[in-house]
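K.L.:
can you look at this prediction? I've put the sequence above it.
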2 protein chains.
Amino acid sequence: MKTPEPEEERSLHMDRASTSTVTRLSSYLRLLRELEAEDLETISSKLLAERTGVTSAQVRKDLSVFGNFGRRGLGYNVHRLRDEIREILGLHHTWRVGLVGAGNLGQALYSYEGFGRQGFPIEAVFDTDPDKVGSSWNGLEIKHFEEFTRVARRKPFEIVILAVPGEVAQEVVDTVVAEGTRGILNFASAKLDVPPGVAVREVDLSIAMESLSFALSR
Amino acid sequence: MKTPEPEEERSLHMDRASTSTVTRLSSYLRLLRELEAEDLETISSKLLAERTGVTSAQVRKDLSVFGNFGRRGLGYNVHRLRDEIREILGLHHTWRVGLVGAGNLGQALYSYEGFGRQGFPIEAVFDTDPDKVGSSWNGLEIKHFEEFTRVARRKPFEIVILAVPGEVAQEVVDTVVAEGTRGILNFASAKLDVPPGVAVREVDLSIAMESLSFALSR
DNA sequence: AGATGTGAAAGTTTTCACAGCC
DNA sequence: GGCTGTGAAAACTTTCACATCT
């Protein structure tokens, strides 16, 4: 007979976290950072909800998946909750991020400072275009994608940002997954096959525009 | 006594279209374009499903929201289905698109050719930074955002791509909505309030990265 | 009184499974 | 035999409403 360990309990909870819940945690976190900058001590689910555009029950359900962070009658402690969500999202860990694809979009993503500011600095850039390979962005040399394996073997890229044409996306994915990448942010317009345990998030600008077009057509 | 008009019937159907359905329609469309280039005549929901990563029942349900496009025993005609989906998504219409924000991300989005290729060419760029206003990208002069109203009054921007800092996002939205914009592609990390009838699609890169971080932490 | 945490209800989306047409 | 279109079932997500704690 085995007493359930805390870890097991927690994983049980984790399974209840849907993608939507995780997305909302990110937006709660953003708000909490603002509130902390304003030196606010506590916040209610009601206010959290209003400021992020959801219902208060939703906020409470989302948080209750991971623990009991609030105090009845009082609300949530801003600092504590910020910390808990950072922990849940794995933001204490620093992830090693590589960018594959140094075209217009890749360059844009690289020069966009958001990734670094949010704790995901791009540590290496790869491409296959001989005109690009060897040149530098901000002192970071663009490497040939053939070198990915060598570089990753020294220290794997846990996350790869994929900004290559759709036709070569799968090929790149197979290589990076073989070298230990377990998270892919996919800007390519292509369905990716990945083994279990590898997470893919799609950022598809044409789908977003077409969805707007649909809404505007009604 | 009134006979229901075709338009009414169709709107009834349309209401059943969730965001997920519309998103999937976009990915079916992408595949259909490829198949058409390969001169394939018909396709089954089964194959459509396999190649886009969903189930065949899902494909059939999604399409059945808008009509009966298939033939039992045969499948769907590739050309016809492509055309129907284009029509459903409003892609025969050309939308006038403006970009607000000429920072790193804005520049990236502008130089990314995807928008133009997919039928959403950016027709004007606005910013408030005096260092940027007046300079040109590809022969297109960056205008001061104060001019937005004047330019839009001549011909409204139906869609605005928002690539400004979160702090000013709401202010920009209020202005563009007042000038007739009904679709917003939001890259700013901020919750936007818009009146009913205005569609917003979020592209939030930090949320996407945090969601990967969460997945990798398990 | 004020606000959380949570079962139960309601709503939504996906899958099943099969009648009906080719 | 093959494949669509679709009600019904299952799965999932959100909202309600209230017991419980401060």
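P.N.:
The structure has been received and is ready for your questions. Residues are numbered from 1 along each chain as shown, chains lettered A, B, ... in the order given.
K.L.:
contacts, neighbours, all on C-alpha from now
P.N.:
Fine.
K.L.:
which residues of chain A lie near DNA strand D?
P.N.:
A:16, A:18-21, A:54-55, A:57-58, A:61, A:71-74 (CA under 7 Å from any atom of the strand).
K.L.:
just these: which are in strands?
P.N.:
residue A:71 (DSSP state E).
K.L.:
of the residues of chain A next to DNA strand D - the most surrounded one?
P.N.:
Using other CA atoms under 10 Å in any protein chain shown as the neighbour test, the residues of chain A next to DNA strand D are led by residue A:21, with 17 neighbours.
K.L.:
wait, that one sits on residue A:64?
P.N.:
No. Using CA atoms under 8 Å as the test, residue A:21 is too far from residue A:64 to be in contact (10.7 Å).
K.L.:
tell me the contacts of residue A:183?
P.N.:
By CA atoms under 8 Å, 6 or more residues apart in numbering or on different chains, the residues touching residue A:183 are A:158, A:159, A:160, A:198, A:199, A:200, B:212, B:213, B:215, B:216.
K.L.:
helices of chain A, start to end?
P.N.:
Along chain A, the stretches classed as helices by DSSP state H are A:6-15, A:19-37, A:45-52, A:56-64, A:78-88, A:104-111, A:114-117, A:148-154, A:166-178, A:205-217.
K.L.:
will you turn those helices into JSON lines that also has distance to DNA strand C?
P.N.:
Formatted as JSON lines, the helices of chain A follow (distance: least, CA to the nearest atom of the strand, whole Å):
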{"stretch": "helix A:6-15", "distance to DNA strand C": "10"}
{"stretch": "helix A:19-37", "distance to DNA strand C": "12"}
{"stretch": "helix A:45-52", "distance to DNA strand C": "4"}
{"stretch": "helix A:56-64", "distance to DNA strand C": "4"}
{"stretch": "helix A:78-88", "distance to DNA strand C": "10"}
{"stretch": "helix A:104-111", "distance to DNA strand C": "29"}
{"stretch": "helix A:114-117", "distance to DNA strand C": "29"}
{"stretch": "helix A:148-154", "distance to DNA strand C": "35"}
{"stretch": "helix A:166-178", "distance to DNA strand C": "23"}
{"stretch": "helix A:205-217", "distance to DNA strand C": "14"}
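K.L.:
and residue B:37, which of those helices is closest to it?
P.N.:
Residue B:37 lies closest to helix A:166-178 among these, at 14.2 Å (CA to CA).
K.L.:
how about that closest one: buried residues?
P.N.:
A:166, A:169, A:170, A:172, A:173, A:176, A:177 (16 or more other CA atoms under 10 Å in any protein chain shown).
K.L.:
please state the offset of it from the chain centre?
P.N.:
19 Å (CA atoms, centre = their mean, to the nearest Å).
K.L.:
for the nearest residue in space to residue A:23 that is not next to it in sequence, grab the count of nearby residues.
P.N.:
Excluding the flanking residues, the one nearest residue A:23 by CA to CA, 6 or more residues apart in numbering or on different chains is residue B:207, at 6.2 Å. Residues lying near residue B:207 (other CA under 10 Å) number 19.
K.L.:
which residues sit in contact with residue B:207?
P.N.:
Counting by CA under 8 Å, 6+ apart, residue B:207 has contacts A:23, A:26, A:27.
K.L.:
which of the residues you listed ranks first by neighbour count?
P.N.:
Going by other CA under 10 Å, residue A:26 tops the contacts of residue B:207 with 21 neighbours.
K.L.:
quick check: that residue vs residue B:131, distance?
P.N.:
According to CA to CA, to the nearest Å, residue A:26 stands 33 Å off from residue B:131.
K.L.:
cool, and residue A:162?
P.N.:
Distance, residue A:162 to residue B:131, by CA to CA: 32 Å.
K.L.:
neighbour-wise, which of the two wins?
P.N.:
Taking other CA under 10 Å, residue A:162 and residue B:131 do not tie; residue A:162 has more neighbours (25 against 8).
K.L.:
so stretch A:81-88, near chain B or not?
P.N.:
Yes. With CA under 8 Å from any CA of the partner chain as the criterion, chain B is reached by stretch A:81-88 at residue A:88.
K.L.:
and that stretch, what's buried?
P.N.:
Per 16+ other CA under 10 Å, stretch A:81-88 contains these buried residues: A:81, A:82, A:83, A:84, A:85, A:86, A:88.
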